[in-house]
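> Predicted model and sequence below, questions to follow.
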Amino acid sequence: MSAAVTSGGGLPLEFARLLIDWQRLHGRSGLPWQNTRDPYRVWLSEVMLQQTQVSTVLSYFHRFLERFPTVEVLAEASADEVMALWAGLGYYSRARNLHRCAQAVVAEHGGVFPSNASALQTLPGIGASTAAAIAAFCHGERVSIVDGNVRRVLSRLLAFDGDLAQTAAQRKLWDLAQALLPAEPLPDDMTAYTQGLMDLGATLCLRSRPQCERCPVQPICRAHASSTVSNYPVKTRAVKRRHESWWLLLLRGAAAAGGERIWLVRRPSTGIWASLYCPPVFDSEAALIDALPTPWREGLRELEPVAHSLTHRELRLHPRLLVLDTAGPGPVGLDGAWVDAEALHSHGLPAPVRVLLGSWLKSLPP
Ligand code: SF4
């Protein structure tokens, strides 16, 4: 049974009050993107935090701000530089959209982010929840974030049994989320409320083993009252993952001026690891061997396969290492170019490739 929630009293008032009080006392505080109404910082953190944990985001957030202190500086940077700084965070479409969004803010809005959620949503890579977070944190707008964590919290709180694989149920939950917002809040209330929703989903109302005994809204949580927490959220369509194998040619050579170099090719602008730099990829070992001149083939060494999970795919990477002693040209007919080991840090590399290139990359940031 879906919960009936109306604005103006009852559960909404109680929920907002409990959540705000708890957040101010026990919620997360002191993160570098908190206690600011600067849309640039809030936007940057929100994009980085999509699908990525706070502990991972922290160092990237600092590095980005150091290199791109304003939206104008980010807009002027090259796409390669943005991708290189993003490398390791995954979900690279976020980085491409981040760059495009910065350019749109500068070109279309004079370098100032729009101040309301509906206008923010017209920008590249800013969805409804990110727009709501920016508008609520920076301008106190009464608009609710509804990301995956928040859907889980609210569906349990309300014992909402709509199938969240369906757009209609998502819309319904969004309406319910709006009805739960604090009535006529001060901007500070919206900050604490929005942060409270995030904190509750990230620290207590966890996907498995939710900490109901410590939860501030337990007295009004309908799933808890009916001992049905594990039934929510309802989502019928499981993500289907495809399994795929890739053979990677790790071609290492000597640089003319001493030192080492590696053969890298830029990935296509769409698909897995789009626009990042990567050793040549083949869909079979035979295809990899065929791409090499016959005299080189004997030196090919098999390295341990590496498993790498993506949202819709399970990749099995089969690295093959070939070390060339001379500083000659690269393989004829193979796309790509030599990159000196010292220059790898300025190339956006997918996380598993950074691991595979191990010893050369020790000096690079994680
Ligand atoms: Fe989630 Fe439990 Fe809190 Fe309900 S009581 S909101 S299920 S943590």
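Looks like it came in fine. Numbers count the residues shown, from 1 in each chain.

> Can you give me the pLDDT of the residue lying farthest from the centre of the chain?
Here the chain reaches farthest from its C-alpha mean at P295, the gap being 43.5 Å by C-alpha atoms, centre = their mean. In this model, P295 is scored at 86, pLDDT.

> Can you give me the separation between it and the ligand?
64 Å (C-beta to the nearest ligand atom, to the nearest Å). For glycine as for every other residue, the C-beta is placed from the backbone atoms N, C-alpha and C.

> for that residue, what are its contacts?
By C-beta atoms under 8 Å, 6 or more residues apart in numbering, no residues touch P295.

> Check R252 too.
By C-beta under 8 Å, 6+ apart, the contact list for R252 reads E260, R261, I262, W263, L321, L322, V323, L324.

> Could you list the buried residues of the helix or strand harbouring it?
For R252, the host element (DSSP states H and E) is strand 242-254. Buried residues in strand 242-254, defined by neighbour count with 16 or more other C-beta atoms under 10 Å: W246, W247, L248, L249, L250, L251, R252, G253, A254.

> shouldn't the second one be in contact with S284?
Put plainly, it is W247. Yes: with contact defined as C-beta atoms under 8 Å, W247 counts as touching S284 (6.5 Å).

> low-confidence ranges in the stretch 101-250 of the chain?
Per-residue confidence for the stretch 101-250 of the chain (pLDDT under 70) gives these ranges: 237-239.

> any idea where the helices of it begin and end?
117-120, 128-139, 148-157, 167-180, 187-199, 222-225 (DSSP state H, counting those that start in this stretch).

> Dump these to CSV, plus mean neighbour count and distance to the ligand.
Putting those into CSV (neighbours: other C-beta atoms under 10 Å; distance: least, C-beta to the nearest ligand atom, whole Å) gives the following:
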stretch, mean neighbour count, distance to the ligand
helix 117-120, 19, 24
helix 128-139, 24, 18
helix 148-157, 23, 4
helix 167-180, 17, 12
helix 187-199, 22, 11
helix 222-225, 18, 4
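
> Need the ones you listed in JSON lines (columns: distance to A291).
Below are those laid out as JSON lines (distance: least, C-beta to C-beta, whole Å):
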{"stretch": "helix 117-120", "distance to A291": "46"}
{"stretch": "helix 128-139", "distance to A291": "42"}
{"stretch": "helix 148-157", "distance to A291": "41"}
{"stretch": "helix 167-180", "distance to A291": "45"}
{"stretch": "helix 187-199", "distance to A291": "48"}
{"stretch": "helix 222-225", "distance to A291": "56"}
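
> which stretch of helix or strand covers the closest residue to V82 other than its chain neighbours?
Spatial nearest neighbour of V82, chain neighbours left out: H99 (4.7 Å); criterion: C-beta to C-beta, 6 or more residues apart in numbering. Assessed by DSSP H and E, H99 sits inside helix 93-109.

> ok, which residues in the stretch 201-350 of the chain are in contact with the ligand?
Within the stretch 201-350 of the chain, the positions near the ligand by C-beta under 6 Å from any ligand atom are L204, C205, P210, Q211, C212, C215, V217, Q218, C221, A223, H224, V229.

> go with 5 Å
Proximity of the stretch 201-350 of the chain to the ligand (C-beta under 5 Å from any ligand atom) is limited to residues L204, C205, P210, C212, C215, Q218, C221, H224, V229.

> Right, I'll call it a day here.
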